[in-house]
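>>> Sequence and predicted structure are below.
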Amino acid sequence: MIADIVVFDTINKDTNDIPSFITDQFNPKTTHIVKFNDLFEMGKYLFTAPGHILKPSKDGILLRLPNVKEEEINYPTGLIINDESDCLSNHHDLKLPKGVELTVDLSVPFIIERFHHLNLIVQRLKFSDLTNKKPQLNHNQNHSQNHRITRSQTKNTQTTTSATNPLAQLSDNLDNVYKMIESRLHRVKTWVGLNEEEFTLDQQAQLHINSMINSLNCHNSVERVDSQLLSKTETFELLGLANDVLDYKSLLTIPHEDNYYQERINRWGFPAYELTSDELLYSAFLMFKAVVLQTNVDSITH
């Protein structure tokens, strides 16, 4: 298995201090672990994930390196959230919509929906409950990368581990998702929903797989708490808040000035294959920006 593990904890704000019950569970040669104590800093990391790739160092430790060859991401992302987290951001000047608090319950649905393409599996737990407990290591970590497990074996494993250690269940889910997306053929089969016969995930993890069905039914793939549902106005205000905090352009690798891309956009034959994914994304932004500037903004409705 290969996976990117993101830890979010605002109680212990030292980003270098990753709890031992997490590091003991995941092998540093097959997983890359990083910790955040600020919601928007974590958002930056996830936003730039496609521009990076996990590769082993000379010592065999998995590192996050720039994806200069624009390789396809063939591994899932696990997000471990300390449910005891309180203030989710260090940006104290945030102006939240009236009556809205930036809680874990409110933030998780946005995170899942926004970063669904990363095959994001979320595990929420109270770190204090596991601090003094030594987790049972996931036996799948010692299996070879090409080892295939049966549907019944996977189901039995998940039933056992989920009852003893939620991190072992997360590891099982990530291992199975990795097998579903490790090659282009596997990713195509997963996208069209043809991998269900071979691999079993728990119900919640199935909803977070980057597939055509889940993308078309994204409203069903998001964990929502009834008391935290927002109106459309509040939703747009919260998204606008994120836009105010995050400088998206700074998260992209854009080697040229705007006129370079505008000149290419104006060509009859747009040279898409000459540009990187970041440059294509920014070109799309410039197209929308040109339309908005030429349109009466007041007439644009949500």
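Sure thing, it's come through. Numbering: from 1, shown residues only.
>>> now the strands for the stretch 51-200 of the chain?
Secondary structure of the stretch 51-200 of the chain (DSSP state E, counting those that start in this stretch): strands at 52-56, 62-66, 77-82, 120-125.
>>> Just name the most buried of the ones you listed.
strand 77-82 (a mean of 24; mean count of other CB atoms under 10 Å). Where you see a C-beta, it was placed from the backbone N, CA and C, and this is true even at glycine.
>>> Next, the contact list for Leu280, please.
The contact partners of Leu280, taken as CB atoms under 8 Å, 6 or more residues apart in numbering, are Ala272.
>>> List the buried residues for the strand or helix carrying it?
Here Leu280 sits within helix 277-293, counting by DSSP states H and E. Using 16 or more other CB atoms under 10 Å as the test for burial, helix 277-293 gives 278-279, 282-283.
>>> Now render those as CSV, adding pLDDT.
Output for the buried residues of helix 277-293, formatted as CSV (pLDDT from 0 to 100):
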residue, pLDDT
Asp278, 89
Glu279, 91
Tyr282, 93
Ser283, 94
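>>> Output these as TSV; include the columns distance to Ile33.
As requested, the buried residues of helix 277-293 are arranged in TSV below (distance: CB to CB, whole Å):
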residue	distance to Ile33
Asp278	25
Glu279	30
Tyr282	30
Ser283	34
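>>> which of these lies closest to Leu130?
Asp278 (38.1 Å; CB to CB).
>>> wait, doesn't that closest one sit right on Pro255?
No: counting by CB atoms under 8 Å, Asp278 stays clear of Pro255, with 9.1 Å between them.
>>> circling back to that earlier point, okay, the strands of the stretch 51-200 of the chain in TSV with mean pLDDT and distance to Arg187 next?
Below are the strands of the stretch 51-200 of the chain laid out as TSV (pLDDT from 0 to 100; distance: least, CB to CB, whole Å):
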stretch	mean pLDDT	distance to Arg187
strand 52-56	91	15
strand 62-66	91	20
strand 77-82	94	15
strand 120-125	91	15
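>>> looking at these, which is closest to Tyr261?
strand 62-66 (20.7 Å).
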